[in-house]
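Q: Build me a model from this:
(one chain, ligands or ions: 1)
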Amino acid sequence: MRRREARSPSTPQHERADLPALADREGVLEELVRVICEAWASFDAPRPAEPQLGEELAARLVAPLPEEPGDVEDALSDAARVLDASVSPSRPLNLGYIGSTGLEMGVLGSALAATYDVNLAVTAGGADLVEEQALRWLADFVGFPLAEGAFTSGGMTSNLTALLAARERALPGSRTDGLTGRRAAVYCSEEAHHSVVRAVEVCGLGSAAVRRIPLDDRRRMRPEALDAAVSRDAASGITPVAVVATAGTTLTGAVDPLDEIADVCGRHGVWMHVDGAYGLPAAAVPETAPLFAGLERADSTTVDAHKWLGVQKSCSAVMLRETGRLRAAFGHEERYMLHEGDVPNPVDRTLEYSRPLRSLRLWMALRVHGAAQYRIWIKRTLDNARHLTGLLREAPDFELLHEPMLSTVCFRHAPSGLRDPDAHNLRLAREMQRDGRVFLAPASVDGRACLRACFVNFRTTARDVERILPVAREVGGRLVRP
Ligand SMILES: Cc1ncc(COP(=O)(O)O)c(C=O)c1O
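A: Numbers count the residues shown, from 1 in each chain. Sure thing, here's the model as predicted:
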């Protein structure tokens, strides 16, 4: 490995003896590296059962604030054991949530970013260029015509950021004067993520402003119903602020018909936001790209790099197609800190003030692995979902609850003679999580309780997929015949 020239001695020589510096930096870092490598190795192999914390460690976790210094290696060892006994999405059969792969590059990027801890609220120099390049790379990857954007803490914050920009366009002055009696509406599908509702609430529009548009038979927003709802509101003096299309719903991975929704938005002059927190990376893969036609017509979009792009939480991006919208939503004149001439601070384009250099994780991963490798990985996760779907179709004791569009599959255990399939499948999800070999989420499709598997982890192999139904069958069988 090429090394930078050392700039400082590895053992600190602080003039202030009480500075919290490590006496043996390299020794402690070696131990940290060992712990991290062990964790990475454990992520590559499905584990037989969940490790437990143990009584002694659990007792230390309720101990009061220490007055005296402690040993760093002890603290590191306890922290590693705590995390090892926690649910990590990086394990290949942890399919319950839309987690990430936990790519090594993300860890390197996080560690470096934490070490330098740059201040992104003001102009930070080189780090600003990394943010911009990572955003451009991301936009190129998914095919969005980026004009401006920001890295945020997650899909929730990205959706909120976009809606605040949309609110200011639809209702100018609302950020300073409030709604002043104006009524507003935001449209999304019946299966849009709850973060849309929360964002509408935080925007001050009230959750009653959310119009849930019904689904078609592929669980996508129905554009003609959207058109009717927008027309109805406009005719009664309610301002349509934004339509939030979902590109990959949390429950089943459905992608709303973006092109047709863009037609509706264009006709009514409404801001179109695409919540692609989970699904947008599939726009980069030829097999699924056609589902995202129309994305390029959206005013804004969200994508979480900490989901299907493999890096660690939290690393989301909101991207906009028109420059100036973020400044209109967040810019402000500070009187207590002077700007450099006329140049706005980066904080004039973001909701957050202090924030970590999240983009470095993604920048490292994209730079080291490249777009082609990412496309192969994403295709593999799509193949995993298809594989599970095929296995479900052949299994007489399981039922597939929808046709997967992306990489999410909802299904249920339905052995013959089962009296209460809803109660059984909820118990099964809980028992499987306790068992630890395969972690699925309990979910409900059209009121039917089921198990939900979401494939976004690049570590998961076809052989891993083949373990899912046998484990579900074994645990489910125990519940039916205790
Ligand atoms: C479609 C969608 N939007 C938004 C979110 C919220 O994202 P985050 O948890 O990163 O805030 C999620 C989370 O799963 C999601 O699936």
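
Q: What residues does the stretch 101-250 of the chain have near the ligand?
A: By the rule Cβ under 6 Å from any ligand atom, the part of the stretch 101-250 of the chain lying against the ligand is Gly154, Gly155, Met156, His193, Ser195, Thr246, Thr250. (C-beta placed from N, C-alpha, C; glycine too.)

Q: Need the pLDDT of the closest residue in space to the second one that isn't next to it in sequence.
A: Closest residue to Gly155 in three dimensions, ignoring its sequence neighbours and counting by Cβ to Cβ, 6 or more residues apart in numbering: Ala277, at 3.1 Å. The predicted local confidence for Ala277 comes out at a pLDDT of 98.

Q: re earlier: between all of the residues of the stretch 101-250 of the chain next to the ligand, which two are separated the most?
A: Gly154 and Thr246 (15.5 Å; Cβ to Cβ).

Q: These two: which has the busier surroundings?
A: Per other Cβ atoms under 10 Å, whichever of Gly154 and Thr246 has more neighbours is Thr246, with 29 against 19.

Q: right, is the longest helix along the chain up against the ligand?
A: The helix that spans the most residues within the chain, counting by DSSP state H, is helix 359-394. No: if you take Cβ under 6 Å from any ligand atom as the test, helix 359-394 misses the ligand, and the best it gets is 13.8 Å.

Q: Give the next helix or strand downstream of that helix.
A: Counting by DSSP states H and E, the next helix or strand C-terminal to helix 359-394 is strand 398-400.

Q: That next one - contacts with which helices or strands?
A: The helices and strands touching strand 398-400, judged by 3 or more Cβ pairs under 8 Å, 6 or more residues apart in numbering; DSSP states H and E, are helix 359-394, strand 408-413.

Q: Return the most buried member of those.
A: Using mean count of other Cβ atoms under 10 Å, the stretch among the helices and strands packed on strand 398-400 with the largest mean neighbour count is strand 408-413, at a mean of 27.

Q: Could you list the residues in contact with it?
A: 248, 250-253, 385, 388-389, 392, 397-402, 421, 424-425, 428, 443, 445, 448-455, 472-473, 476 (Cβ atoms under 8 Å, 6 or more residues apart in numbering).

Q: Redo the helices and strands packed on strand 398-400 as CSV? Include mean pLDDT.
A: Conversion of these to CSV gives the following (pLDDT from 0 to 100):
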stretch, mean pLDDT
helix 359-394, 98
strand 408-413, 98
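
Q: OK, contacts around the residue lying closest to Ile468 once chain neighbours are set aside?
A: Leaving aside its sequence neighbours, Ile468 sits nearest to Val438 (Cβ to Cβ, 6+ apart; 5.4 Å). Neighbouring residues of Val438 by Cβ under 8 Å, 6+ apart: Leu93, Leu95, Met432, Arg467, Ile468, Val471, Ala472.

Q: ok so, going back, save the helices and strands packed on strand 398-400 as TSV, and put in distance to Leu320 too.
A: Below are these laid out as TSV (distance: least, Cβ to Cβ, whole Å):
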stretch	distance to Leu320
helix 359-394	16
strand 408-413	27
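
Q: Let me see the ranges of the helices in the chain.
A: 25-44, 55-60, 72-84, 104-116, 126-142, 155-170, 174-177, 194-202, 223-235, 258-268, 325-330, 359-394, 421-435, 462-480.

Q: Mean pLDDT per helix and strand in this structure: which one sits at the bottom?
A: helix 25-44 (a mean of 91; mean pLDDT, DSSP states H and E).

Q: From what I see, Phe141 and Gln373 are in contact.
A: No: using Cβ atoms under 8 Å, Phe141 makes no contact with Gln373, being 11.7 Å away.

Q: still on that earlier bit, so which of the helices of the chain is the most packed in?
A: Of those, helix 155-170 is the most buried (mean count of other Cβ under 10 Å), at a mean of 25.

Q: now that one: mean pLDDT?
A: Computed over helix 155-170, the average pLDDT equals 98.

Q: now do stretch 45-59
A: Mean predicted confidence for stretch 45-59 is 81.

Q: Now render the contacts of Val438 as TSV, adding distance to the ligand and pLDDT.
A: Output for those, formatted as TSV (distance: Cβ to the nearest ligand atom, whole Å; pLDDT from 0 to 100):
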residue	distance to the ligand	pLDDT
Leu93	19	92
Leu95	13	95
Met432	20	95
Arg467	24	96
Ile468	21	98
Val471	24	97
Ala472	23	98
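
Q: Smallest gap between the stretch 1-150 of the chain and the ligand, at which residue?
A: Ile98 (4.8 Å; Cβ to the nearest ligand atom).

Q: just to revisit the earlier point, send the alpha carbons of the least confident helix or strand of the chain over as PDB?
A: C-alpha atoms of helix 25-44 as PDB (Å, rounded to 0.1, in the frame of the first residue of the first chain):
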ATOM      1  CA  ARG A  25      -2.200   5.200  19.500                       C
ATOM      2  CA  GLU A  26      -0.900   2.600  17.100                       C
ATOM      3  CA  GLY A  27      -1.400  -0.300  19.600                       C
ATOM      4  CA  VAL A  28      -5.000   0.700  20.200                       C
ATOM      5  CA  LEU A  29      -5.600   1.200  16.500                       C
ATOM      6  CA  GLU A  30      -4.200  -2.300  15.800                       C
ATOM      7  CA  GLU A  31      -6.700  -3.700  18.300                       C
ATOM      8  CA  LEU A  32      -9.500  -1.700  16.700                       C
ATOM      9  CA  VAL A  33      -8.400  -3.000  13.300                       C
ATOM     10  CA  ARG A  34      -8.500  -6.600  14.600                       C
ATOM     11  CA  VAL A  35     -12.000  -6.100  16.000                       C
ATOM     12  CA  ILE A  36     -13.200  -4.600  12.700                       C
ATOM     13  CA  CYS A  37     -11.700  -7.400  10.700                       C
ATOM     14  CA  GLU A  38     -13.400 -10.000  12.900                       C
ATOM     15  CA  ALA A  39     -16.700  -8.300  12.400                       C
ATOM     16  CA  TRP A  40     -16.200  -8.200   8.600                       C
ATOM     17  CA  ALA A  41     -15.400 -11.900   8.600                       C
ATOM     18  CA  SER A  42     -18.500 -12.600  10.600                       C
ATOM     19  CA  PHE A  43     -20.600 -10.600   8.100                       C
ATOM     20  CA  ASP A  44     -19.500 -12.900   5.300                       C
END
